[in-house]
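**Student:** make a model of this:
(chains A, B, C and D)
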Protein chains: 2
Amino acid sequence: MTVHEHSRYSTRVEDLSYRAVPEAAVGRLAVYLRVLTSMIEQGVTTMSSEELAGAAGVNSATLRKDLSYVGSYGTRGVGYDIARLVEHIERLLGLTRHHSVAVVGIGNLGHAVANYAGFPDRGFPITALFDLDEDLIGIPVGGLPVDHADSIPAVCAEREVTIGAICTPPAAAQWVCDLLVAGGVRCILNFAPVVLQVPDDVEVRRVDLAVELQILSFYQSRRCGPVVAPVNSIAVGR
Amino acid sequence: MTVHEHSRYSTRVEDLSYRAVPEAAVGRLAVYLRVLTSMIEQGVTTMSSEELAGAAGVNSATLRKDLSYVGSYGTRGVGYDIARLVEHIERLLGLTRHHSVAVVGIGNLGHAVANYAGFPDRGFPITALFDLDEDLIGIPVGGLPVDHADSIPAVCAEREVTIGAICTPPAAAQWVCDLLVAGGVRCILNFAPVVLQVPDDVEVRRVDLAVELQILSFYQSRRCGPVVAPVNSIAVGR
DNA sequence: GCGACTTTGTTCCTGAGTTCACAAGCGGCT
DNA sequence: AGCCGCTTGTGAACTCAGGAACAAAGTCGC
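**Tutor:** You can find the predicted model right below:
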């Protein structure tokens, strides 16, 4: 295991436990986690890599490699003890501490996010809601009153918000983002179709419906053959 | 350009134009497209790779390589003609033909998706809405009445739906998915936190809020140092 | 108690994607 | 008209992720 990276964390010894986890693996681990918890509800206690891989839609070798990052506890010849595995994955993903979430922009999407059932259950309590619309402010959504966006920095700092979800129209997104950052938020989930400019120490994940659709569109047209395209600039040009 | 792939499309000549486009590049092209169209609205007509890369948040070399897949039309020493570039990217992504979208599950999220402003503008007209709730059926949402989920196969086939968006609770997602596939839908956008099982010729893209949050959580805890974790099973074990 | 079978954890390898770096090309300036 | 500087497009190195195969290890049956 040759670790020759620019190490910001080189002072610690157990670095291995939370660095050196491939980007993509983190996302898959979250998926495994959900499959596993739903298995617990069904009363299953043990699962082999083959089964879990099938349920998660990945290769079993990939799965085993991913699990090796969590210092996994499987039993050869048997499989994985689901309860123990869940515990380890949760620790690796940092789900043992709670991350309070602020939702900005209480439109259709904001409502959906604020009411999303899975969040509180899984360690993501929503502790603040913001909007600009005077008619919305003060009205409780999912049991929590909406605050004015101007108060984002103060409220986020006070309630120790760690994750901000931006559900505003694109025009407001960058402004809101700056306010969140000013309030100490370092993780942002951006639903607005904009590329946000943030300091280096802020992590942004973009969820972009239009982009997803366009990717599907690409596959669709690749499947059906090319577009009409009697355009000679393609055939001849360059 | 060595193209030595398993070629399902080897009969055609201009294959290069739409095969051999890396997965990741397609997603980025959609982002470039949005940046470019917003630039047009601002009256800009020309842009260098450096500028566009900055606005899209990617490396300029990556951007140029991505644009080379569309058989790009830049001018050395000047940059790219935005209008022409937009046209070419739209053709590659298959946006010159319209893809009608069906939304299943008219809850919070379904409303958000159905009303999403960007869809009709960008060639994704929403032509069908479905739900199970009798109270919703017949009621128009965004100008379109809601149909019963049982009619998914018939309606999708009739209206030539090419993309299905699943916004249902997880328990219903697989059932809905099967109905969509039965109706001839080959592209699915899945917002339900479930891994769908589909035939090989169906393309599924998953948008999973919980997974996104957990990835952010991982980065957050990596940043702040490890979790409390005085657990000796980690330090000592194996 | 021992052997055979099952499944994990890991190593190696292949292929893809990203970045660097440079040559070719185009416009503007003198 | 010729030169200079700027920008594109691409060839090549490098990094990273994914898949196959195998050895270690533990359990179950006898």
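**Student:** near DNA strand C, which residues of chain A are found?
**Tutor:** Within chain A, the positions near DNA strand C by C-beta under 7 Å from any atom of the strand are A:1, A:47-50, A:60-61, A:64-65, A:67-68, A:72-80. For every residue, glycine as well, the C-beta is placed using N, CA and C.
**Student:** once you drop chain neighbours, what's closest to A:Leu29?
**Tutor:** A:Ile89 (5.4 Å; C-beta to C-beta, 6 or more residues apart in numbering or on different chains).
**Student:** what sits against A:Val141?
**Tutor:** Residues in contact with A:Val141 (C-beta atoms under 8 Å, 6 or more residues apart in numbering or on different chains) are A:106, A:110-111, A:114-115, A:129.
**Student:** now do the helices in chain A.
**Tutor:** A:23-41, A:49-56, A:60-69, A:82-92, A:108-115, A:118-121, A:152-159, A:170-182, A:209-223, A:232-235 (DSSP state H).
**Student:** wait, does the longest one contact DNA strand D?
**Tutor:** Yes: where contact is defined by C-beta under 7 Å from any atom of the strand, part of helix A:23-41 touches DNA strand D, namely A:23-25.
**Student:** which of the residues you listed are buried?
**Tutor:** Buried by 16 or more other C-beta atoms under 10 Å in any protein chain shown: A:Ala25, out of these.
**Student:** phi, psi for A:Ala192 please.
**Tutor:** Per-residue torsions, A:Ala192: phi -80, psi 140 (degrees, to the nearest 10).
**Student:** against A:Ile166, how distant is it?
**Tutor:** According to C-beta to C-beta, to the nearest Å, A:Ala192 stands 5 Å off from A:Ile166.
**Student:** name the residues contacting each of those two.
**Tutor:** A:105, A:173.
**Student:** ok, the two, which is more surrounded?
**Tutor:** More crowded of A:Ala192 and A:Ile166, by other C-beta atoms under 10 Å in any protein chain shown: A:Ile166, with 29 against 23.
**Student:** pretty sure A:Arg34 contacts B:Pro193?
**Tutor:** Yes: look at A:Arg34 against B:Pro193 with C-beta atoms under 8 Å: they come within range, at 6.0 Å.
**Student:** most neighbours among the contacts of A:Val141, which one?
**Tutor:** A:Leu129 (27 neighbours).
**Student:** residues in contact with the residue nearest to it when sequence neighbours are not counted?
**Tutor:** Once flanking residues are discounted, A:Leu129 sits nearest to A:Val146: 4.6 Å by C-beta to C-beta, 6+ apart. By C-beta under 8 Å, 6+ apart, A:Val146 lies in contact with A:106, A:129-131, A:136-140.
**Student:** returning to what we had before: with mean pLDDT as extra columns, can I get the helices of chain A in TSV?
**Tutor:** Listed next are the helices of chain A as TSV, based on pLDDT from 0 to 100:
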stretch	mean pLDDT
helix A:23-41	93
helix A:49-56	94
helix A:60-69	94
helix A:82-92	93
helix A:108-115	90
helix A:118-121	63
helix A:152-159	97
helix A:170-182	97
helix A:209-223	89
helix A:232-235	34
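**Student:** redo these as a markdown table? Include distance to B:Gln197.
**Tutor:** Shown next, in a markdown table, are those (distance: least, C-beta to C-beta, whole Å):
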| stretch | distance to B:Gln197 |
| --- | --- |
| helix A:23-41 | 13 |
| helix A:49-56 | 9 |
| helix A:60-69 | 16 |
| helix A:82-92 | 21 |
| helix A:108-115 | 25 |
| helix A:118-121 | 21 |
| helix A:152-159 | 41 |
| helix A:170-182 | 35 |
| helix A:209-223 | 18 |
| helix A:232-235 | 38 |
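**Student:** count the neighbours of the nearest residue to A:Arg28 once chain neighbours are set aside for me.
**Tutor:** Distance criterion C-beta to C-beta, 6+ apart; nearest residue to A:Arg28, sequence neighbours excluded, is A:Asp66 at 5.4 Å. By the criterion of other C-beta under 10 Å, A:Asp66 has 25 neighbours.
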